[in-house]
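> following is a predicted model, sequence given first.
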Amino acid sequence: MTAESAPQKGRAARTVDRLARNRVVRAVGLHPVVARPGYWFATAAGVTWGAVLGGFRVSKRGGVIVCAGLPRWAFGRGGTTIGAAYLTRDNTADGVLEHEAVHRAQWKKYGLAFIPLYLAAGRDAKRNRFEIEAGLEKGGYR
């Protein structure tokens, strides 16, 4: 794909991409001492959100904390992983949980920086490097 045929990224996405490639930002901002507390905070927020809205239907399965029974407006698509918490209504097949466990590992690696990095990767799952890494088929992307 040439630069002319590539879709234009927004200014914010280009800035995030540039920062993600910066050695100093990566060495400091993505260091486990910085990233891990962000992951813990995201997990606590996700479990709290999921437990309250899902009627405390919380279990640990497939490497993630599954918060089931949520209303459909409380998460994206079939489910959303925030930190180690997977928020869903009832999408808990083994393959999906394997896909979400990869997202949990991504959260653990990047901490709160995962949010702008994921958004910068784009809404098209087939081009989003985080969705590709997690496994498109297991995540239900066809």
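Right, received. Where do you want to start?

> any idea which helix is longest in the protein?
In the chain, with assignment by DSSP state H, the single longest helix is helix 32-53.

> ok, residues contacting that helix?
28-29, 58, 65, 67, 70-71, 74, 81-87, 107-114 (CB atoms under 8 Å, 6 or more residues apart in numbering). Quick note: C-beta positions are derived from backbone N, CA and C, even for glycine.

> now with 6 Å, please.
58, 65, 67, 70, 74, 82-85, 87, 107-108, 110-112 (CB atoms under 6 Å, 6 or more residues apart in numbering).

> could I get the average pLDDT for it?
Across helix 32-53, the average pLDDT comes to 96.

> starting at the chain centroid, how far to the helix or strand just after it?
Going down the chain from helix 32-53, the next helix or strand is strand 58-61, by DSSP states H and E. Centroid separation for strand 58-61 versus its chain: 18 Å, with CA atoms, centre = their mean, to the nearest Å.

> for burial, what's the neighbour tally of Gly29?
17 (other CB atoms under 10 Å).

> actually Ala45, not the one I typed
13.

> in this protein, where is pLDDT below threshold?
For the chain, the stretches with pLDDT under 70 are 1-16, 19-20, 27.

> restricted to strands, list the contacts of helix 32-53.
Val58, Ile65, Cys67, Ile82, Ala85, Leu87 (DSSP state E).
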